[in-house]
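Novice: okay, predicted coordinates and the sequence, questions at the end:
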Amino acid sequence: MAKLSIDGREIEVEDGITVLQACELAGIEIPRFCYHERLSVAGNCRMCLVEMDRSPKPIASCAMPVAEGMVIHTDTPGVKKARQGVMEFLLINHPLDCPICDQGGECDLQDQAMAYGFDSSRYEENKRAVKEKYMGPLIKTIMTRCIHCTRCVRLATEVAGVEELGALGRGEHLEISTLERAIDSELSGNLVDVCPVGALTSKPYAFAARPWELRKTPSVDALDAVGSNVRVDCRGREVMRVLPRLHEDINEEWISDKTRHACDGLRRQRLDRPYVRRDGKLQEASWEEAFKAIADRLSGLSGERIAAIAGDLCDAESMLALKDLMTALGSPNLECRQDGARLEGGTRAGYLFNTTIAGIERADAALLIGTNPRWEAAMVNARLRKRFLMSGFRVGVIGPQVDLTYRTEYLGAGPETLKELAEGHGAGAELLKQAERPMLVLGMGALARPDGGAVLGLARKAAEAFGLVKDGWNGFNVLHTAAARVSGLDLGFLPQAGGRDLAGILDGAGKGEIEAVFLLGADEIDMAALGQAFVVYQGHHGDAGAHRADVILPGAAYTEKNGTYVNTEGRVQLGRLAGFPPGDAREDWTILRALSEAFGKPLPYNNLGELRQHLVQANEVFGAVDQIQQVPWGDFGAEGALDPTPFTSPVDNFYMTDPISRASETMAACTEAFVSGRGEATGTHG
């Protein structure tokens, strides 16, 4: 610990931190542009100058480590003059176009010019102008505003792991550029967040709204299983943008581009009224007509001939309501694993990311099996890269060979390699043996196969054989791709006694043994396999399920309801209503509660509070919000024959994985730029 004096106050701080950080700990604000807590120190802007005793000139506090006996002054006339001088230089070439700048109202340069700048300028020469740069479909550039803080360059290199941004030229001729290429990263939207001026702004959001016009609602993302904390900004009922919210244990202060930019899909292809199929065509109907059509068709059917499948974006409340309704109808055919993953309920350690996302930073080796975390869970991949940059972290891969933005060791393609590992030898054995805290990440590419149960069993044996599970450490992890999957498993939305799984439901529907199928936002299954079954689709977009449905019940998207979601690490989080659903659409659990009345079997809750009490009674994990609960290790997985087919990732297009992102024009533009051409985009796309 080092003792130093700041503005006459003596404080004690940890060794190794900077003077700027020490000032922050003392409650003194230091202005800065280039410094960012999660990026390396650049020392470019000099806005953070302070005076230090025995130093002949002001020091850059962001780059100066603390030392014993330092005496720092942050509020002297010399410091004020230095900051005013820096601000004057920064504004010499800045265009001062705040009235038309999308950064207006939340701009660091505006705020600090007001607090630390002059009220006039002595510069009368012509300002410089810089040509705009093409950076892809997500980032709009006005590079004349750039102050060369290099935050964007450092974020792209250090956090995103794509060295596609750099500086060209020197002095006044320096420019930040990608050489007219799109930034091929799943985290590129964060460049806009770290830009302290309006040089990089959101292209889809350009000239759409001002920050003071928007209603801001804290919520969680449901487009993958990470559960990133977000802020949903709405004008009226329309979602204008989604921004990251700080959560150190999950997404820190970053979010993926799909989380951020797929929100325009909430405005398109929406289901806003009930439909009933008459004479082969879907026709508008009232809620009463839709409920009557369902009740008439299902009356007299035994429960064994009815099935329900929950989709990837469902909240826990709607799944519990549907499970209760199916139980009342006598149906044991429930399924939440619409990708066919061979995961079991019961033993929670067998389907969670037990190491936790933040716990990745404690691991010293990782084995990725049948997963591409860069596309399946971009924030998990960012955490793996962060751990890799700390050094001493080896990553082995069994499955698809892809660029994960950090160095990996390819061990094999499929189950045979995993079988060798479970037997204690093979390519990955040495990697795990040498590690003190090794971790294993099992993806849906390894589990959503006919032999997925046997693969799960082999992974468990490998974890036990190499000491991945011990006191204070659990290195066995399942990486989910669906926000609804863990809560579905926690609620037991699985085949009950004598019930059918996904394959059994589809097979039964094709043979006429299943006569009615309820799809709760399930769009990823093979609709053709449903045969002649009567299909009820409850969801928010006109996607595959709605096209196949005989009755459509319009539900609410994740930004339009208060819902509970459990992320891949088992953390219970609350999504909050930011804007109301369109037209006659309603929150999903309320639709199911009303439908139960049509069957004469009313569900035992009338409001959200009662339903959440019922949720906690169904599984006590739902009572501990935003907490990680330690779960006991158990026996899971199965024995069986292995298919030698190599593991593949279940995601072949990061930008379109669900009904919302498939309806998004922004995600379509990203698909064209990055997936169709795989990064060959040039300025012609602008």
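Specialist: Yep, it's here.
Novice: so which residue is dead centre in the protein?
Specialist: residue 228 (4.6 Å; CA atoms, centre = their mean).
Novice: which residues in the stretch 301-450 of the chain form helices?
Specialist: Under the criterion DSSP state H, counting those that start in this stretch, the stretch 301-450 of the chain contains helices at 316-328, 373-376, 378-389, 415-422, 429-433, 444-447.
Novice: in the protein, which helix is the longest?
Specialist: Using DSSP state H to define each element, the chain has its longest helix at helix 77-92.
Novice: next, count neighbours for the closest residue to residue 25 other than its chain neighbours.
Specialist: Nearest residue to residue 25, sequence neighbours excluded (CB to CB, 6 or more residues apart in numbering): residue 13, at 6.0 Å. Backbone N, C-alpha and C define where each C-beta goes, glycine included. Counted by other CB atoms under 10 Å, the residues lying close to residue 13 total 19.
Novice: still on that earlier bit, OK, contacts around the residue nearest to the centre of the chain?
Specialist: Residues near residue 228 by CB atoms under 8 Å, 6 or more residues apart in numbering: 220, 221, 244, 247, 250, 251, 255, 256, 259, 379.
Novice: would you mind giving both backbone torsions of the fourth one?
Specialist: Its backbone dihedrals place residue 247 at phi -150, psi 100, with angles given as degrees, to the nearest 10.
Novice: per-residue confidence at residue 659?
Specialist: On pLDDT, residue 659 comes in at 97.
Novice: cool, and residue 345?
Specialist: 87.
Novice: that one contacts residue 496, doesn't it?
Specialist: No - applying CB atoms under 8 Å as the test, residue 345 and residue 496 come out as separate, 10.6 Å apart.
Novice: just grab the bridge partners of residue 72 for me.
Specialist: Beta-bridge partners for residue 72, by DSSP bridges, are residue 6, residue 52.
Novice: try residue 397
Specialist: residue 368, residue 410.
Novice: residue 645 versus that one, what's the distance?
Specialist: Distance of residue 397 to residue 645, given as CB to CB, to the nearest Å: 17 Å.
Novice: give me the more crowded residue out of the two.
Specialist: residue 397 (25 against 12).
Novice: list the contacts of that one.
Specialist: Applying CB under 8 Å, 6+ apart, the residues near residue 397 are 367, 368, 408, 409, 410, 411.
Novice: residue 389 versus the fifth one, what's the distance?
Specialist: In this structure, residue 410 lies at 21 Å from residue 389, with CB to CB as the measure.
Novice: please apply the same query to the fourth one.
Specialist: When CB to CB is the yardstick, residue 409 and residue 389 sit 17 Å from each other.
Novice: ok, residue 487 next?
Specialist: Noted for residue 487: a distance of 33 Å to residue 389, by CB to CB.
Novice: who's more crowded, the two?
Specialist: Neighbours were counted for residue 487 and for residue 389 using other CB under 10 Å; residue 487 has more, 29 against 13.
Novice: confirm the more buried one sits in a helix?
Specialist: Yes - assigned with DSSP: H, G, I helix; E, B strand; the rest coil, residue 487 falls within a helix.
Novice: what's across from residue 219 in the sheet?
Specialist: residue 230.
Novice: residues contacting residue 553?
Specialist: Taking CB under 8 Å, 6+ apart as the criterion, residue 553 is in contact with 274, 290, 536, 537, 538, 591, 595.
Novice: isn't the residue nearest to residue 25 right up against residue 2?
Specialist: Yes - counting by CB under 8 Å, residue 13 touches residue 2, with 5.9 Å between them.
Novice: between those two, which contacts overlap?
Specialist: Joint contacts of residue 13 and residue 2 (CB under 8 Å, 6+ apart) are residue 66.
Novice: quick revisit: please flag which of the contacts of residue 553 sit within strands.
Specialist: With DSSP state E as the criterion, strands contain 536, 537, 538 from among those.
Novice: my read: the second one touches residue 544, true?
Specialist: Read that as residue 537. No - in this structure, residue 537 is not within contact of residue 544 by CB under 8 Å, at 9.2 Å.
Novice: so for the two, which residue has more residues nearby?
Specialist: residue 537 (29 against 19).
Novice: give me phi/psi at the nearest residue to the more buried one once chain neighbours are set aside?
Specialist: The shortest distance from residue 537 to any non-neighbouring residue, by CB to CB, 6+ apart, is to residue 549 (3.6 Å). Main-chain dihedrals, residue 549, degrees, to the nearest 10: phi -70, psi 150.
Novice: can you tell me how far residue 302 is from residue 508?
Specialist: 13 Å.
Novice: and what of residue 459?
Specialist: 30 Å.
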